[in-house]
Structures are given as C-alpha cells and as structure tokens.
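Asks: predicted model follows, preceded by the sequence.
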Amino acid sequence: MKAVVFTVLFAVMSAVPAAPVDAGPVRLADPQKVAAIYAGRTDLWGGSCAGGIYYSVTMEVRAWCGANSQAFGAGTWTIDTEGRLCHRLKWYWPDEGKTGAGQPERSCIEHMVDDQGRIWRHWPGDSKWWRMKNKDQPLKGFKYKRQIAEARAAAGL
C-alpha cells in the first residue's frame, strides 16, 4: 500500500508545473546595479502626467509633469544597501509674480532580483512587484531639460 501511495504521490508531484517564469523577486538588488540603471537617465511617468524624473550622475533629481507644465521638482536621490532608490523632491511653480514652493516629498522605489537575475520594482502604495522589461528602463539623458528650464524661468528661479 505504501508503494502505491508513494507512486501516486510521485506522479502527482511530477505533474505540478514549475514556477512561472515571472515568479517575482527573491533577493535584494545590488545597489550599484540599481544606480547604473538610473544614473544619467529619465524615468518616464505614465498616465495623465506625461512627464518624468531625471536622475543625474551627481545624485540630483529634476522632475516635470506635462499636466502642470509650469511646475517642476528639484531635489536629490540616494540608493541604500537594500537596493531602494529614494528621491526627495520639492516642487516649484509661479505664484502671482512670486515663486511658489511645496514641502519636500520623499518617495522610494524598492528593487529586488528574481532567480533569473531580472530586476523587479515596487512603488509605495502598490501591492504588486513589477519586472523591469526593456520598455520599462529609464531613457538615457535628460529628456525634460528644456521644459524644466522653462518652468524654472516661469517660477522666477
């Protein structure tokens, strides 16, 4: 009887498919690899914003959103030992001939690696992890430099 149970159990276990290819993150991402993904690049923001955030090689950030084109964000970015990229942005805008400014806001994106070596991201407030595919990679260069320069001038900076 034991041999039959073992044979049936083995057959059932052998029929279970392997974990899906996109099984998700399993270990912390190397901070240097995360830095290499972002430094000198613009991460595009989707949705109605139609803008993005630029991560300079000198650890400064600049952000712009087409939905509010006269505002821009400026600040710094860091990566901790757990592969978490954090930026601290302060938004500026023109305000009746003066410069309006908000309080600095801090936001972090977590990064992990799956067993295939692929990097996954997780945003605050989102319950899901998202695999970084080629189309999700930040674009090389400062894509909104002109728009941010115009918003700075409009804000009187």
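Replies: That came in fine, so what should we check first? This is a predicted model, so every value here is computed, not measured.
Asks: model confidence for Val26, exactly?
Replies: On the pLDDT scale, Val26 is placed at 83.
Asks: what is the burial count for it?
Replies: 11 (other CB atoms under 10 Å). To be clear about C-beta, it is placed using only N, CA and C from the backbone, and glycine gets the same treatment.
Asks: now Asn68
Replies: Neighbour number of Asn68 under other CB under 10 Å is 13.
Asks: what does Ala71 give?
Replies: Around Ala71 there are 21 residues (other CB under 10 Å).
Asks: what does Glu60 give?
Replies: 13.
Asks: over to Arg121?
Replies: 22.
Asks: look up phi and psi at the residue nearest in space to the middle of the chain.
Replies: In the chain, the centroid-proximal residue (CA atoms, centre = their mean) is Ile109; its distance is 5.1 Å. The phi and psi torsions at Ile109 (degrees, to the nearest 10) take the values phi -120, psi 120.
Asks: what residues does it make contact with?
Replies: Arg84, Leu85, Cys86, Arg121, His122, Trp123, Pro124 (CB atoms under 8 Å, 6 or more residues apart in numbering).
Asks: now Pro94: which helix or strand?
Replies: strand 85-95 (DSSP states H and E).
Asks: list the buried residues for that strand?
Replies: By neighbour count with 16 or more other CB atoms under 10 Å, strand 85-95 contains the buried residues Leu85, His87, Arg88, Leu89, Trp91, Tyr92, Trp93, Pro94.
Asks: turn those residues into CSV, including pLDDT.
Replies: Formatted as CSV, these follow (pLDDT from 0 to 100):
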residue, pLDDT
Leu85, 97
His87, 97
Arg88, 98
Leu89, 97
Trp91, 97
Tyr92, 97
Trp93, 96
Pro94, 95
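Asks: quick one: the helices in this protein?
Replies: 2-15, 31-38, 145-154 (DSSP state H).
Asks: got the buried residues for the last one?
Replies: Using 16+ other CB under 10 Å as the test for burial, helix 145-154 gives Gln147, Ile148, Ala151, Arg152, Ala154.
Asks: adding distance to Glu105, write those out as a markdown table.
Replies: Formatted as a markdown table, the buried residues of helix 145-154 follow (distance: CB to CB, whole Å):
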| residue | distance to Glu105 |
| --- | --- |
| Gln147 | 20 |
| Ile148 | 17 |
| Ala151 | 17 |
| Arg152 | 18 |
| Ala154 | 21 |
